[in-house]
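[1] fold the stuff below for me.
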Amino acid sequence: MARLLLVDDEPQIRMLTRAMLEKAGHSVEVAESGEEALRKLREKGADLVILDIAMPEMSGWEVCRAIKSDPATKHIPVLMFTVMTRDEDVSRSFESGADAHLKKPFTMRELLEAVETLLRRSGR
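    I've put the predicted structure just below:
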């Protein structure tokens, strides 16, 4: 069981995605903003961050850069999940430090495969 941090400003997306991940046996902490995500990550840690891009105040790209620039959290894999799927959006995700980019809508299988691949790569 991995400890995941799910970050999305849409309550229904958080609820459905959390249910999928918990059904697969993961422990899921949620955050609805970038600031909340960074605070929870510093306080509780995580094995993986699942991060939406389009959020108010602080974009997922900004959150990812903050995670990857902090020595205490830079080792944590980040999975961007978003409706933003243009080539330049995907490139920007990787430029911000993301380890993977998953487009919404996604299937439970696609989500779990992405999560398991990143956890395996990180040794979790």
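
[2] and the residue nearest to Pro11 when sequence neighbours are not counted, what does it touch?
    Once flanking residues are discounted, Pro11 sits nearest to Glu32: 7.5 Å by CB to CB, 6 or more residues apart in numbering. Yep, even glycine has a C-beta here, placed from its N, CA and C like the rest. The neighbourhood of Glu32, defined by CB atoms under 8 Å, 6 or more residues apart in numbering, consists of Val7, Asp8, Asp9, Pro11, Arg14.

[3] farthest-separated two in those residues?
    Pairwise distances across the contacts of Glu32 peak at 12.7 Å for Val7 and Pro11 (criterion: CB to CB).

[4] higher neighbour count, those two?
    Shown here are Val7 and Pro11; by other CB atoms under 10 Å, Val7 has more neighbours (27 against 10).

[5] contact partners of the helix or strand hosting Glu35?
    Element membership of Glu35, judged by DSSP states H and E, is helix 34-44. Identification of contacts with helix 34-44 by CB under 8 Å, 6+ apart yields 3, 5, 7, 29, 31, 46, 49, 51, 55, 57-60, 62-63, 66-67, 72-73, 76.
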